[in-house]
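Any chance you could fold what I've pasted below:
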Amino acid sequence: GALGAKEGLAGVMAEQNELEGAQALYEAAVEGYEAVYGGEAPNTLGAKGNLAIVLKQQGDLAGGRALYEEVLEAQTARLGPNHPDTLLTKGNLAVVMRKQGDLAGARALYEAVIEAKTQQLGPRHPSTLDTKGNLGVLLHTMAEAAEQNSARAEAADLYRAAADAYEPKYGKDDVDVVQCRAKARELGA
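This next block holds a predicted model:
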């Protein structure tokens, strides 16, 4: 219907970096979905998550975080803490928290997502590896911020593990394999 069309157009605008227009359309979609389906309906939560992405892209980390937290609370209650949609929101929230400097909070979320994805998908699934890579970036940030050797070593281990998992499938010259190995060397651990 009309709400889905607004949300679809907002997605196109966001892809074209027309973020103000995308924000306005996502806000209209959220408002419409809430009026028709309620604040915790899947369509409403999806539109809120998309709006949070646009806010984050515009640099409104506080606004993005507030929306992600709202969506996460509803998804956890409605779908459970380990549902794929809930895990996606946790990962997105962790990115915002990292950018805001809430490194401990981001780490806890990444670790919870990795644990759930490892149980559901396996330790070498691309989605699990992506989240491990995000945790590696976070630990690298933590190590640089506090010169924490244990965080540096843990980040290097995660980068090496990701490279070891990617290499058999994609080859030693794959960009992700090369980047993970370079970051592990950079950390010197």
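
Just name the shakiest helix or strand of the chain by mean pLDDT.
Lowest by mean pLDDT, DSSP states H and E among the helices and strands of the chain is helix 149-170, with a mean of 82.

where does the protein have low pLDDT?
146-149, 189 (pLDDT under 70).

Which secondary structure state does Gly32 sit in?
helix (DSSP: H, G, I helix; E, B strand; the rest coil).

Now do the buried residues in the least confident helix or strand of the chain.
Residues 151-152, 154-163, 165-167 are the ones in helix 149-170 that count as buried (16 or more other Cβ atoms under 10 Å). In short, each C-beta sits where N, CA and C put it, glycine included.

what do you get for stretch 175-189?
Those would be Asp176, Val177, Cys180, Arg181, Lys183, Ala184, Leu187, Ala189, for stretch 175-189 by 16+ other Cβ under 10 Å.

And the contacts of the least confident helix or strand of the chain?
123-124, 129, 132-133, 135-140, 142-143, 174, 176-177, 180-181, 183-184, 187-189 (Cβ atoms under 8 Å, 6 or more residues apart in numbering).

same thing but 6 Å
The contact list for helix 149-170 (Cβ atoms under 6 Å, 6 or more residues apart in numbering) reads 124, 129, 132-133, 135-136, 139-140, 142-143, 176-177, 180-181, 183-184, 187, 189.
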